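>>> Take a look and give me a structure for this.
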Amino acid sequence: MDEEINIPLPIRFNPLKHHRKYILRLLQNASAEKITDLLDPVCNNYIDLYTGSLTTEEITRQVIAILKSIKVLQAEKFTSWVNGNHGYRKITLSDQSEWVVRFGNESERFVHLHPSRTGPHTVRFKGSTIKTICLLKMNSTCSETPSLDVVNRVRMEVGLSPINKLETNKGILACYEKFFTMK
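Model (predicted):
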């Protein structure tokens, strides 16, 4: 994950799990094998993806500026601040996207950052769905909606169970549509 290297301290942010445009750029430049390797650690629980126009650099820069402005950029102050609200805080960035910050388990990257699940510019899907649509896109030679057979073949290639049906505006098809047709 090239961009993750450029994420400034003290932020812990995984763009492969939380930034749509980062994933789209990755899909353009990596092999299916590389994508499979990168997606392997993505859990199958729900994942919140940022769909707005801010880059990972802009997001992290704004978060740091906000934390600096309220004087909680040091680990002890940050911990006290988030613990004062059940272990997390929600902040709003310039594009009105909402982000959750909580105390991370790394001493240098103690600000764990991810999109708010109900905020603007956020979509929520299961990790297994994200894995499926990324691999579908990697294996696709056309822009048509994938068939159930193709979906199940891709899922089985990465150790996911086959599904019984595809439903318009739900699950894999909804994710595929939102992910690859949004601007």
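>>> In whichever strand or helix holds residue 175, which of the residues would be classed as buried?
Using DSSP states H and E, the element containing residue 175 is helix 171-181. For helix 171-181, the neighbour count (16 or more other CB atoms under 10 Å) marks 171-176, 178-180 as buried. In this view, the C-beta of every residue, glycine as well, is placed from N, C-alpha and C.
>>> ok, the residue nearest to residue 131 when sequence neighbours are not counted - contacts?
Sequence neighbours aside, residue 39 is the residue nearest to residue 131 in space, at 4.7 Å (criterion: CB to CB, 6 or more residues apart in numbering). By CB atoms under 8 Å, 6 or more residues apart in numbering, the contact set of residue 39 is 16, 130-131, 134-135, 158.
>>> do the same with residue 161
Residue 161 touches residue 155, counting by CB under 8 Å, 6+ apart.
>>> ok, now with 10 Å
Each residue near residue 161 by CB atoms under 10 Å, 6 or more residues apart in numbering is listed here: 128, 152, 155.
>>> Repeat that for residue 169.
Per CB under 10 Å, 6+ apart, neighbours of residue 169: 177-178.
>>> Quick check: the two most widely separated of the buried residues of helix 171-181?
171 and 180 (14.9 Å; CB to CB).
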